[in-house]
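Asker: this one's structure only:
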């Protein structure tokens, strides 16, 4: 019995909990209840929004606790993580834009006015080659939709290998049509193709869909190959926590009691796992 309890404790320590990962703090006067703000890259902002305003995602300890294995990720974590990746992609001059899940939900529910959609195309989406849209289907399942304007492709990266609904395809295609009209593109809507693959890693449980979305966003924005299988994404969770913390390390380093880490010192590439894995190349999905 003692051996089993010891083994369970070792396994828990090995995986680590999100709380244990960042709860160590130097300055006891600061509390973990403070929100951590991640600035949204200059992507989708309302017309009257001040660009200098501290506008970002407020990540709370409750949000971070969802990075413990077996928890379903909320939009705060998914949006903040993708925003950080897109910001890094722009440093490499990659023309990638991120549309947060709140807007994609309103888009799918037909709650965005035609005027706002026109503004979206004219002032935001027209300047980029790749649109990254995290979708939360029926508020229970995350998937990532990628619009590749150079190849006239819409790619649905669904960890459950489900096909995108007609509603999703028609809604996104309506935006594409507006883009074509605005830019006087030589292509027509008939040239566009929708792809959904059952050869990408499969989600074997009900909680890791948001982690898969974060991982695909990382691959697309960094244009690097990663080795992983569906069962292995549990190890990605601690790396998501690390990346979010590093993105705001200057303000948060005193709270978590860690030295400020280099922004790109990540270990996605060394995820644990004993099986040999197929490489999923970013350029199989999207090539700049």
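Answerer: Okay, I see it. Since the structure is predicted, the reported quantities are computational estimates derived from the model, not experimental observations.
Asker: Show the pLDDT at residue 132.
Answerer: For residue 132, the model assigns a pLDDT of 90.
Asker: Oops, could you answer that again for residue 52 instead?
Answerer: Listed pLDDT for residue 52 reads 42.
Asker: How about residue 26?
Answerer: The model's pLDDT for residue 26 equals 35.
Asker: again, but for residue 196
Answerer: At residue 196, the pLDDT value in this model is 86.
Asker: contacting residues around it?
Answerer: By Cβ atoms under 8 Å, 6 or more residues apart in numbering, the residues touching residue 196 are 155, 156, 158, 161, 162, 163, 164. All C-beta spots, glycine's among them, are computed from the backbone N, C-alpha and C.
Asker: So which of those residues wins on neighbours?
Answerer: With neighbours taken as other Cβ atoms under 10 Å, the top of the contacts of residue 196 is residue 158, carrying 25 neighbours.
Asker: which residues touch it?
Answerer: So residue 158 contacts 143, 164, 196 (Cβ under 8 Å, 6+ apart).
Asker: again, only this time at 7 Å
Answerer: Taking Cβ atoms under 7 Å, 6 or more residues apart in numbering as the criterion, residue 158 is in contact with 143, 196.
Asker: repeat for the one 3 residues further on
Answerer: When the contact criterion is Cβ under 7 Å, 6+ apart, the partners of residue 161 are 198, 202.
Asker: repeat for residue 145
Answerer: 133, 135, 154, 156, 172.
Asker: Dig out what the second one forms beta bridges with.
Answerer: Note on residue 135: beta-bridge partners residue 143, judged by DSSP bridges.
Asker: That one and residue 183, how far apart?
Answerer: 24 Å (Cβ to Cβ, to the nearest Å).
Asker: who has more neighbours, the two?
Answerer: Applying other Cβ under 10 Å to residue 135 and residue 183 shows that residue 135 carries more neighbours, namely 22 against 14.
Asker: wait, the more buried one sits on residue 102?
Answerer: No - using Cβ atoms under 7 Å, residue 135 is not in contact with residue 102, being 11.4 Å away.
Asker: And what about residue 132, helix, strand or coil?
Answerer: Following DSSP: H, G, I helix; E, B strand; the rest coil, residue 132 is assigned to strand.
Asker: which residue packs closest to it, ignoring adjacent ones?
Answerer: Of all residues not flanking residue 132 in the chain, residue 98 sits nearest, at 4.9 Å (Cβ to Cβ, 6 or more residues apart in numbering).
Asker: number of nearby residues for that neighbour?
Answerer: By other Cβ under 10 Å, neighbour count at residue 98 equals 26.
Asker: ok, now residue 58?
Answerer: 12.
Asker: Need the pLDDT of residue 2.
Answerer: Residue 2 carries a pLDDT score of 49 in this model.
Asker: Show me what stretch 209-219 is in contact with.
Answerer: 72-73, 77-78, 81-82, 85, 132, 134, 141-144, 157, 159, 203, 226, 233, 236-237, 240, 268, 280, 282.
Asker: can you rerun that using 6 Å?
Answerer: Stretch 209-219 has contacts (Cβ atoms under 6 Å, 6 or more residues apart in numbering) with 73, 78, 81-82, 85, 134, 141-142, 144, 157, 159, 203, 226, 233, 236, 240, 282.
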